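1. Got a sequence here, can you model it:
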Amino acid sequence: MSNQNVSFPRRVLQRRKALAPAVLLLVLTFGSFVFLTIADEVAEGEIAAFDRGVLLSMRNASDVSDPLGPPWLEEAALEITAIGGYPVIVLSLLIVTGLLIVVRRYGAALYSVLSVGSGALVSYTLKNHYDRPRPDLVEHLDVIHTASFPSGHATVTTVAYLTLAALVVRFFPAWRVRLYVLAVAVFVSFIVGISRIYLGVHWPSDVFAGWALGVAWASFAWLCASLLALYRGKRLEDRAGKRLRETPVEAMERI
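-> Below you'll find the model as predicted:
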């Protein structure tokens, strides 16, 4: 009876761990579907009216070079959009990776670098593939160097902050804390994306596609890490079970 009581919580924990990959796979599939759907609409030009309407709704009707709101809002948008820029993302990644290395969490450090680095590479590759021009309806209020689709700021910010959230939630079992951390990551990604539209450097569909791609890629990286953790845990359990079943003579021979 005692063995059953001990094994029941373990079985529940194993099922919860096994559920995570299924949820991540679902999110990955949904994010990929949304991105491909938007990309198809952009290629066919069927989303152009929506893009124009949203972009112009953030500008003064009598002067489209003037964004809505007081002057400080434009300054705030520039500061917010910098959160999703490569200098801030790279610096944040280096700080977190350095901390993980110091505390000897080498696997987590490698995971963070590969997740964010590969996400940035995918974003850059897709930009060159689609080669969509930047909005020409309004004045650009920020410096731009690359193509428009998908939004690199939206993509990389989503990947980076969801990756960092995935690392943080591992150390907090309380669901309230995990929900808060994920909500913060989503919120930061959201305001960065909105700032790109407000500053006139991206079509809304660029940002929506960037969010979808970022969620999909972060889920993919998280899924790979979860499956690897499950595999390693299973191997450790098998080794421990084998040692428990071995005879004293076999144990002495192993030593």
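2. Wait, a strand at residue 172?
-> No - using DSSP: H, G, I helix; E, B strand; the rest coil, the assignment for residue 172 is coil, not a strand.
3. Hmm, it is touching residue 182, no?
-> No - using Cβ atoms under 8 Å, residue 172 is not in contact with residue 182, being 11.1 Å away. For every residue, glycine as well, the C-beta is placed using N, CA and C.
4. Between the two, which contacts overlap?
-> Common neighbours of residue 172 and residue 182 are not found (criterion: Cβ atoms under 8 Å, 6 or more residues apart in numbering).
5. Could you tell me how far residue 32 is located from residue 59?
-> Taking Cβ to Cβ, to the nearest Å as the measure, residue 32 falls 33 Å from residue 59.
6. got the contact list for the nearest residue to residue 178 once chain neighbours are set aside?
-> Spatial nearest neighbour of residue 178, excluding adjacent residues (Cβ to Cβ, 6 or more residues apart in numbering): residue 169 at 4.3 Å. Under the criterion of Cβ under 8 Å, 6+ apart, the neighbours of residue 169 are 177-178, 181-182.
7. so what's the spatially most central residue of the chain closest to, chain neighbours aside?
-> Nearest to the mean C-alpha position of the chain, by Cα atoms, centre = their mean, lies residue 159 at 2.5 Å. Distances taken as Cβ to Cβ, 6+ apart put residue 119 closest to residue 159, at 3.4 Å, once the chain neighbours are dropped.
8. Quick check: that neighbour is in a helix.
-> Yes - under three-state DSSP, residue 119 falls within a helix.
9. My read is that it contacts residue 216, right?
-> No - using Cβ under 8 Å, residue 119 is not in contact with residue 216; the gap is 9.7 Å.
10. Give me the contacts around stretch 211-229.
-> So stretch 211-229 is in contact with 17, 20-21, 24-25, 27-28, 30-32, 34-35, 38, 111, 114-115, 118-119, 122-123, 126, 150, 154-159, 162-163, 166, 189-190, 193, going by Cβ under 8 Å, 6+ apart.
11. what ranges do the helices span in the stretch 51-200 of the chain?
-> 71-83, 86-102, 106-130, 152-169, 175-198 (DSSP state H, counting those that start in this stretch).
12. Could you point out which of these sits nearest residue 52?
-> Taking Cβ to Cβ, helix 175-198 is the member of these nearest to residue 52, at 11.9 Å.
13. what residues are up against residue 78?
-> 141-142, 195, 199.
14. What does the pLDDT read for the residue nearest to the centre of the chain?
-> Confidence at residue 159, expressed as pLDDT, is 95.
15. these two touch, right, residue 67 and residue 76?
-> No - if you go by Cβ under 8 Å, residue 67 and residue 76 don't touch, sitting 11.1 Å apart.
16. Which of these two has more residues huddled nearby?
-> Neighbour totals were compared for residue 67 and residue 76, and residue 67 leads with 20 against 15 (other Cβ atoms under 10 Å).
17. For the residue nearest to residue 159, the count of nearby residues, please.
-> Residue 119 has 27 nearby residues by other Cβ under 10 Å.
18. That one and residue 142: what is the separation?
-> 21 Å.
19. follow-up on the earlier one: with pLDDT and distance to residue 220 added, can I get the contacts of residue 78 in JSON lines?
-> Formatted as JSON lines, those follow (pLDDT from 0 to 100; distance: Cβ to Cβ, whole Å):
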{"residue": "141", "pLDDT": "83", "distance to residue 220": "33"}
{"residue": "142", "pLDDT": "84", "distance to residue 220": "29"}
{"residue": "195", "pLDDT": "95", "distance to residue 220": "26"}
{"residue": "199", "pLDDT": "93", "distance to residue 220": "29"}
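20. All set, thanks.
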